[in-house]
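Chemist: Let me see the structure of the following:
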Amino acid sequence: MEHKHNTSVWKRTSKTDIIAAAYAGIVTSGISYYVQGLVVKQKGPVFATAFSPLTMIIVAVMGSFILPEKIYLGGVTGAVLKVIGLYAVLWGKHRESKEKEAEEMIPGPGKCVQGNDNSVLTMEDIEA
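Modeler: Okay, here's the model as predicted:
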């Protein structure tokens, strides 16, 4: 079976087509980098990195709706495994942050001393 390519589809009719495509690419890239920067600043680099596989899943789903692309079982299985991995990373990061908060609330050794009248003295009180 021979498949002919129609190269006339790729020809641009005017400069506005090129400008519109470039503008759309620049604006969406700018928004994407800005949102990634906010996520890295607030939550850390793990969250920004963990969500990058979702881009491929979104592209596959949108391609099946907008373009006549077919989604195969292998692609769906891979997407499910990626989502499971994403949630495992986020669950581990959430658990790690909870443990860190719990450690910060427990005073370490040498930070508090109990006085004779059952009052608690901190190191700053003893040094003063």
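Chemist: the strands in this protein, which residues?
Modeler: Per DSSP state E, the chain carries strands over the ranges 112-114, 120-122.
Chemist: what about this protein, any weak spots by pLDDT?
Modeler: Low-confidence segments of the chain, defined by pLDDT under 70, span residues 1-3, 9, 12, 107-128.
Chemist: To what extent is Lys11 buried, counted in neighbours?
Modeler: A count of nearby residues for Lys11, using other Cβ atoms under 10 Å, gives 7. (C-beta placed from N, C-alpha, C; glycine too.)
Chemist: make that Glu69, sorry
Modeler: 14.
Chemist: Mind naming the longest helix for this structure?
Modeler: Counting residues, the longest helix in the chain under DSSP state H turns out to be helix 73-105.
Chemist: quick one: that helix to chain centroid distance?
Modeler: With Cα atoms, centre = their mean, to the nearest Å as the basis, helix 73-105 stands 11 Å off its chain's centre.
Chemist: Stretch 69-88 now?
Modeler: In terms of Cα atoms, centre = their mean, the gap separating the centre of stretch 69-88 from the centre of its chain is 17 Å.
Chemist: contact partners of that stretch?
Modeler: Ala50, Phe51, Pro53, Leu54, Met56, Ile57, Ala60, Val61, Gly63, Ser64 (Cβ atoms under 8 Å, 6 or more residues apart in numbering).
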